[in-house]
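**Student:** Just the structure for this:
(2 chains)
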Number of protein chains: 2
Amino acid sequence: MTADAPQVLIDGLQYCNWSREIFEEMRQGGLTAVHATVGYHEGFRETVRHLVDWRTRFRDNEDLILLARDAGDIERAQASNRTAIFLGLQNPMPIEDDIGLIEMLFDLGIRFMQLTYNNQSLLGCGWMEEEDSGITRMGREAIAEMNRLGMIIDLSHAGERTALEAISLSQKPVVVSHANPRWLRDSNRNVPRTVMQALRDKDGLLGLSLYPLHLPNGAETTLNQFGRMAAEASEIMGAERLGIGSDLCQGQPDGVVRWMREGRWTRQVQAMASFPPQPSWFGSNLDFAGLAEGLLSAGFGKAETASVLGAAWHRFIRTSLPAG
Amino acid sequence: MTADAPQVLIDGLQYCNWSREIFEEMRQGGLTAVHATVGYHEGFRETVRHLVDWRTRFRDNEDLILLARDAGDIERAQASNRTAIFLGLQNPMPIEDDIGLIEMLFDLGIRFMQLTYNNQSLLGCGWMEEEDSGITRMGREAIAEMNRLGMIIDLSHAGERTALEAISLSQKPVVVSHANPRWLRDSNRNVPRTVMQALRDKDGLLGLSLYPLHLPNGAETTLNQFGRMAAEASEIMGAERLGIGSDLCQGQPDGVVRWMREGRWTRQVQAMASFPPQPSWFGSNLDFAGLAEGLLSAGFGKAETASVLGAAWHRFIRTSLPAG
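**Tutor:** Okay, the predicted model is just below:
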């Protein structure tokens, strides 16, 4: 990357309460691309309704954003001063028990899908189950189908065994789009060293999370501490396989955190009643480029910093998604 | 069209019991493209399941057929000795009451949609209702949306008023993919002179049907009589706006004719219990090119015959469907 080349900034996971204001902030923050979560616990029909809403957003904000299907759309967004939005799912509920729906959702624009979200799914096990029995029979089929289509497998929220088996079974590199090294924040939601090593060995990518519950000191984590966490992650992943997946949930009403955690699968209140406060230095897309300061202070070079803030995701997407 | 140019044969409507044998017959019959009906009374989710089945057919028979999205796919099929299959719906049930589903189905490959099938729909009125109150409020929105996307509006099975209003409202030419002049076979399922004239005035297309109940003398209709019927239709439409929509339902079990006619909207037996026999000279795709004999005998020139057997559909599709 030459000094004059325009910087590519990519956030590998957001689930904001989407609005024109947020898309304007993406532009002001210089975001080239964002992977946006479309849904969690919705079945196929509800997911399609969300996709229809996304089409309306793309039309209503066509001066700011575009629907991204491949790496070429990142470059198209950059050339037209817009943000490329990649759509993804944090749970395989939208494919129900129908392997053919993966292709249908791919054709409708979905480019990322998690195999699990916290709980057991039809494909594998989330990190909150007591026992992780690994990738299921349908999970093997779904991995092969995602490989065939070029839909990116995301192992965020997976259990360790499920994640390791998925990495091993997949014929293509996979990602953990938004999680931090587990040993720096004792939550099984974060990613263990074993999974990071396996990811690296298969040329996968880890997106570092800014969600306070994933950070070493929660909302009190400083930007420099974030940089040092990134440096530790980089020791395993290398800066070329390290990105950001901020997990930004800007502007979401508090009920949404319960939807994410509880879906419709329980009558018990499981989650906190509201989103936790963000670190002072990361509250919106306006703060994204500022992450460079934390990385540079932790010893990342300029090119490494550029990699973590976007170039790594750009390369990964270019090699993963088929050109439309 | 020069003498050596390969003949383009296009059938504007079939609803066969799809199988490799039928696709092989398409190739043996020299069919360049076929518009295949995906469904009638199915809601969105069921329709998507049919589309998944079609994807499997395309993969299992990729040496014979391909999924066609635009006119370029007709040429691609011709160049690779395959048949281009355009997918369509004979009823708007698959979009339910959600205007956004038109775009979703377009993205999944649907290129034709009827506004009605015999009965009142949410968009307009079919020919079997006692009173046709024309295009509905949602119908106007659907026509505009189909125009925006480039999905072809098909008025087969529509009532006269609905058809005339749709032709008038549409900003793009529309089709009656499979019907014959009403005055040659007294069935309101066939197309009245008024609709043919309006179609012609808006550069639309009429596909002549080979379904026995639409033919002047049913299954007893001769090939020459078919040619003379085509000549009468051509007096209004011109050969450049006249095609074939055979309505071939080859190999369908008898229950399917009841599904087509009764769907799930009635507990009464409305329809005959089985498909009527076909004319002896048109029983499969193998007989398609033979229609030329009837047209030539009725006075069509060579170029006009080529138009009716495919060039008119080819031109219509080229000007109607956006290049993917």
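**Student:** The helix or strand encompassing residue A:66 near chain B at all?
**Tutor:** Assigned by DSSP states H and E, residue A:66 belongs to strand A:65-67. No - remark: strand A:65-67 sits outside contact range of chain B, by CB under 8 Å from any CB of the partner chain, the gap being at least 10.5 Å. Yep, even glycine has a C-beta here, placed from its N, CA and C like the rest.
**Student:** For that strand, give the mean pLDDT please.
**Tutor:** For strand A:65-67, the mean per-residue pLDDT is 98.
**Student:** Show me the contact partners of stretch A:124-136.
**Tutor:** The contact list for stretch A:124-136, computed with CB atoms under 8 Å, 6 or more residues apart in numbering or on different chains, reads A:115-120, A:122-123, A:139, A:143, A:157-162, A:165-166, A:169, A:188-189.
**Student:** I'd like to know the predicted local confidence at residue A:282, please.
**Tutor:** At residue A:282, the model reports a pLDDT of 98.
**Student:** how many other residues sit next to the residue nearest to residue A:80 when sequence neighbours are not counted?
**Tutor:** Sequence neighbours aside, residue A:66 is the residue nearest to residue A:80 in space, at 7.7 Å (criterion: CB to CB, 6 or more residues apart in numbering or on different chains). Neighbour count for residue A:66, taken as other CB atoms under 10 Å in any protein chain shown: 19.
**Student:** just to revisit the earlier point, let's see which of the contacts of stretch A:124-136 end up in helices.
**Tutor:** Using DSSP state H to define helices, the subset of the contacts of stretch A:124-136 located there is A:139, A:143, A:160-162, A:165-166, A:169.
**Student:** Looking at these, spot the one nearest residue A:51.
**Tutor:** For the ones in helices among the contacts of stretch A:124-136, the closest approach to residue A:51 (CB to CB) belongs to residue A:143, at 22.8 Å.
**Student:** Show me what the one helix or strand residue A:85 maps to packs onto, helices and strands only.
**Tutor:** Applying DSSP H and E as the criterion places residue A:85 in strand A:83-89. Contacts defined by 3 or more CB pairs under 8 Å, 6 or more residues apart in numbering or on different chains; DSSP states H and E place strand A:83-89 against helix A:20-28, strand A:33-39, helix A:44-60, strand A:65-67, helix A:71-79, strand A:110-114.
**Student:** what does the stretch 1-150 of chain A put close to chain B?
**Tutor:** A:44-45, A:48-49, A:51-53, A:55-56, A:98, A:100-101, A:103-104, A:107-109.
**Student:** go with 10 Å
**Tutor:** Residues of the stretch 1-150 of chain A lying close to chain B by CB under 10 Å from any CB of the partner chain are A:43-45, A:48-49, A:51-56, A:96, A:98-105, A:107-109.
**Student:** are any of these buried, and which?
**Tutor:** Using 16 or more other CB atoms under 10 Å in any protein chain shown as the burial test, these include A:44-45, A:48-49, A:51-52, A:54-55, A:100-105, A:107-109 as buried.
**Student:** So for the residue of the stretch 151-300 of chain A found nearest chain B, what's the nearest residue that isn't a sequence neighbour?
**Tutor:** Using CB to the nearest CB, the closest approach of the stretch 151-300 of chain A to chain B is made by residue A:151 at 14.6 Å. Distances taken as CB to CB, 6+ apart place residue A:106 nearest to residue A:151, at 5.3 Å, with adjacent residues excluded.
**Student:** Helix or strand: which one has that neighbour?
**Tutor:** Under the assignment here (DSSP H and E), residue A:106 is part of helix A:100-107.
**Student:** Tell me what angle that helix forms with strand A:110-114.
**Tutor:** 130 degrees (axes from the mean of the first three to the mean of the last three CA atoms, to 10 degrees).
**Student:** now for helix A:100-107, which elements pack on it?
**Tutor:** helix A:44-60, strand A:110-114, helix A:137-149, helix B:44-60, helix B:100-107 (3 or more CB pairs under 10 Å, 6 or more residues apart in numbering or on different chains; DSSP states H and E).
**Student:** Turn these into a markdown table, including distance to residue B:295 and mean pLDDT.
**Tutor:** Formatted as a markdown table, the helices and strands packed on helix A:100-107 follow (distance: least, CB to CB, whole Å; pLDDT from 0 to 100):
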| stretch | distance to residue B:295 | mean pLDDT |
| --- | --- | --- |
| helix A:44-60 | 44 | 98 |
| strand A:110-114 | 47 | 98 |
| helix A:137-149 | 44 | 98 |
| helix B:44-60 | 31 | 98 |
| helix B:100-107 | 33 | 98 |
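**Student:** Tell me which of these sits nearest to residue B:276.
**Tutor:** Per CB to CB, nearest to residue B:276 of the helices and strands packed on helix A:100-107: helix B:44-60, 24.8 Å.
**Student:** got the CA coordinates for the lowest-mean-pLDDT helix or strand in chain A in PDB?
**Tutor:** Of the helices and strands making up chain A, the lowest-confidence element is helix A:255-262, at a mean of 90, by mean pLDDT, DSSP states H and E. Included here for helix A:255-262 are C-alpha records, laid out as PDB according to Å, rounded to 0.1, in the frame of the first residue of the first chain:
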ATOM      1  CA  GLY A 255     -35.500  -4.300  23.800                       C
ATOM      2  CA  VAL A 256     -33.100  -5.300  21.000                       C
ATOM      3  CA  VAL A 257     -30.500  -6.700  23.400                       C
ATOM      4  CA  ARG A 258     -33.100  -9.000  24.800                       C
ATOM      5  CA  TRP A 259     -34.200 -10.000  21.300                       C
ATOM      6  CA  MET A 260     -30.600 -10.900  20.500                       C
ATOM      7  CA  ARG A 261     -30.100 -12.900  23.700                       C
ATOM      8  CA  GLU A 262     -33.500 -14.400  24.200                       C
END
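**Student:** Residue B:220: which of the helices and strands packed on helix A:100-107 is closest?
**Tutor:** So among the helices and strands packed on helix A:100-107, helix B:44-60 is nearest, using CB to CB, at 34.2 Å.
**Student:** Specify the angle between that closest one and strand B:83-89 in degrees.
**Tutor:** Going by the same axes, to 10 degrees, helix B:44-60 makes 180 degrees with strand B:83-89.
**Student:** Next, the angle strand B:33-39 makes with helix B:44-60.
**Tutor:** Using the same axes, to 10 degrees, helix B:44-60 lies at 140 degrees relative to strand B:33-39.
**Student:** what's the distance between the closest residue to residue A:23 other than its chain neighbours and residue A:18?
**Tutor:** Leaving aside its sequence neighbours, residue A:23 sits nearest to residue A:64 (CB to CB, 6+ apart; 4.2 Å). Remark: distance between residue A:64 and residue A:18 (CB to CB, to the nearest Å) = 11 Å.
**Student:** anything in contact with each of the two?
**Tutor:** Taking CB atoms under 10 Å, 6 or more residues apart in numbering or on different chains as the criterion, residue A:64 and residue A:18 both touch A:57, A:85.
**Student:** Hmm, residue A:195 and residue A:180 touching each other?
**Tutor:** No - Residue A:180 is beyond contact range of residue A:195, at 11.9 Å (criterion: CB atoms under 10 Å).
**Student:** Confirm for me that residue A:177 is in contact with residue A:243.
**Tutor:** Yes - between residue A:177 and residue A:243 there is a contact under CB under 10 Å: 8.3 Å.
**Student:** Could you tell me which residues touch both of the two?
**Tutor:** A:11-13, A:35, A:205-207, A:313.
**Student:** Just the buried ones from the contacts of stretch A:124-136?
**Tutor:** Going by neighbour count (16+ other CB under 10 Å), the contacts of stretch A:124-136 have A:115-120, A:122-123, A:139, A:143, A:157-162, A:165-166, A:169, A:189 buried.
**Student:** pretty sure residue A:254 is touching residue A:17, no?
**Tutor:** No - counting by CB under 10 Å, residue A:254 sits too far from residue A:17 to count as a contact (11.1 Å).
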